[in-house]
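Asks: 3D model of this:
(chains A and B)
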Amino acid sequence: MKKTLTLLAIVAALASVAGEKAAAPSFTLTSGKGKEVSLSDYRGKYVVMEWWNYGCPVVKKHYSSKNIPQLQKEFIKQGVVWLSIVSSAEGKQGYVTTADAHDQMKLMGGEPTEILLDPSGDTGRAYSAKATPQLVLISPDGTMLFNGAIDNNPQANGAAILKSENYLRRAWKEVKAGKEVSMPAPAAYGCSVKY
Amino acid sequence: MILALSLLAAAPPAPEIARARLAVYSESTTIRAGVPFDIIAEVLPDPGWHVYWKNPGESGVATKISVKAPKGFGVDPARWPAPHSFEAEGIIGLGYSEPARFLIRITPPKSLPKGPIRLDVQGDWMVCKEICTIGGGTASLSLRAGTAAPTPNYKSVFAQARKQIPADGVDLAASGIVTDSGTELRFAPPRSRAVKAAFYPEITGQWDLSAATETPLVSIGTTGRVALPLKPASALAKTGAPFRGVLRIVYDKGEEVVYDIAVAAPRPENRP
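Replies: You can find the predicted model right below:
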């Protein structure tokens, strides 16, 4: 499984070099509600993937300030699917199970479409997820349009959010206008993903 | 489930434990009108923990240092010490697990105020081990005006700090060369017997951080120049752009010297 996902990531990367569309790696993960969820279930819809670690102070900053909860509402309202992915391994910070994933998310005020559990880290690695938070935007045909930082203000201080440019909103605005995403891969900041 | 949620909601937040401390040093306790002097803001992580460089790498948050000085005092931007790289689960960070000493030049005005002169330094950081915590600290200096020559203070601390501040203005004739097997950072070490080097790019996203691990250098014939391989950070990386960063060169007896370098856009081999 791990090898397959890695191969898919490489294929996606090579396609991008060639100027072709980069396919978002496929996955099937268990949701926080205990059901199997695949990327292919959302064919025909835009999908946002958010790497989430409830214990990471940078994630906390974006939740306690309502920045990410607001983004989730805003995107879901427009028909976008929002998947919060937990790639923390068992025993590492941020690890959740079906027993507590939604409780933890509720405590933080988030309301994603689904929370998906990736304790093996295979999906995280396939998407080159390095930090929490890190955001990915996928088109209805399964093309990866954006993969990177939430904003341009990599600071520990929550007050910085007010002065930040949100890169996901920027990418979304460009996509909706039929333009190429001008910054498809800004370097993510935050805690390392706890593989 | 409702009960569990209530208990979680009612639990007091765990107290944040400081995992790094801030200290500040002045090179002299007596300062003179119009004569610049240096201070150090030192961020000291607990053993096993690390704080981050201006480019924190593939994750992390850059440390921030600010200085509040009396009106009329000039405060130069803090000069960053060269980082080291660290890796966890395949994710590479750039920063410091040893004391990170930021050098800051202060320029007093032509006329000094009477009484003690106070400088307040603020540090903000994210400090990580297996987990990360956001922290910060403040430290102050109280200095006196005097006409006597400044008294050297904390001589060894400043000497060590300056060794870790990348030297600028040293021409290493650095260039990015595209060969059949990939891109190389080529340069001429200012001294002979350079054996290893590490390159810390100023931004993440252009070059893969594998070059930030000390790597044996390859000599290019008898030119005196050496090469360090660079890999694109990702398929989306714009590797054709100019870049900057810090180069750490390790010489044969283990001595390390760090340099600021600026490199023009990589060009094919044998093309000026």
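Asks: now the helices for chain A?
Replies: Ranges of helices within chain A are A:2-17, A:57-64, A:67-77, A:101-108, A:122-126, A:167-176, based on DSSP state H.
Asks: out of those helices, which is closest to B:Y154?
Replies: B:Y154 lies closest, by CB to CB, to one member of the helices of chain A: helix A:57-64, at 32.4 Å. All C-beta spots, glycine's among them, are computed from the backbone N, C-alpha and C.
Asks: from the chain's centre, how far out is stretch B:189-208? Work that out for me.
Replies: Offset of stretch B:189-208 from its chain centre (CA atoms, centre = their mean, to the nearest Å): 14 Å.
Asks: what comes up buried for it?
Replies: Residues of stretch B:189-208 classed as buried: B:189, B:194, B:196-202, B:204-208 (neighbour count, 16 or more other CB atoms under 10 Å in any protein chain shown).
Asks: now do the strands in chain A.
Replies: Counting by DSSP state E, chain A has these strands, from start to end: A:28-31, A:36-38, A:47-51, A:81-86, A:114-117, A:131-132, A:135-138, A:144-148, A:191-192.
Asks: how about low-confidence regions in chain A?
Replies: Residue ranges of chain A with pLDDT under 70: A:1-21, A:156.
Asks: would JSON lines of the helices of chain A with distance to chain B and mean neighbour count be doable?
Replies: Listed next are these as JSON lines, based on distance: least, CB to the nearest CB, whole Å; neighbours: other CB atoms under 10 Å in any protein chain shown:
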{"stretch": "helix A:2-17", "distance to chain B": "4", "mean neighbour count": "15"}
{"stretch": "helix A:57-64", "distance to chain B": "4", "mean neighbour count": "22"}
{"stretch": "helix A:67-77", "distance to chain B": "15", "mean neighbour count": "18"}
{"stretch": "helix A:101-108", "distance to chain B": "5", "mean neighbour count": "18"}
{"stretch": "helix A:122-126", "distance to chain B": "8", "mean neighbour count": "23"}
{"stretch": "helix A:167-176", "distance to chain B": "12", "mean neighbour count": "18"}
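Asks: list the contacts of the residue at minimal distance from the centre of chain A.
Replies: Closest to where the C-alpha atoms of chain A average out (CA atoms, centre = their mean) is A:E50, at 2.1 Å. Contacts for A:E50 (CB atoms under 8 Å, 6 or more residues apart in numbering or on different chains) come out as A:68, A:82-85, A:112, A:133-136.
Asks: quick revisit: give me the subset of the buried residues of stretch B:189-208 that also touch chain A.
Replies: When contact is defined as CB under 8 Å from any CB of the partner chain, the buried residues of stretch B:189-208 meet chain A at B:204-205.
Asks: ok so, going back, so which of the helices of chain A is nearest B:S156?
Replies: Going by CB to CB, the one of those nearest B:S156 is helix A:57-64, 34.7 Å.
Asks: ok so, going back, if we take the buried residues of stretch B:189-208, which one ends up nearest to chain A?
Replies: Nearest to chain A out of the buried residues of stretch B:189-208 is B:T204 (CB to the nearest CB; 3.7 Å).
Asks: the nearest residue to the closest one once chain neighbours are set aside: neighbouring residues, count only.
Replies: The shortest distance from B:T204 to any non-neighbouring residue, by CB to CB, 6 or more residues apart in numbering or on different chains, is to A:A187 (3.7 Å). Here the number of neighbours of A:A187 (other CB atoms under 10 Å in any protein chain shown) works out to 21.
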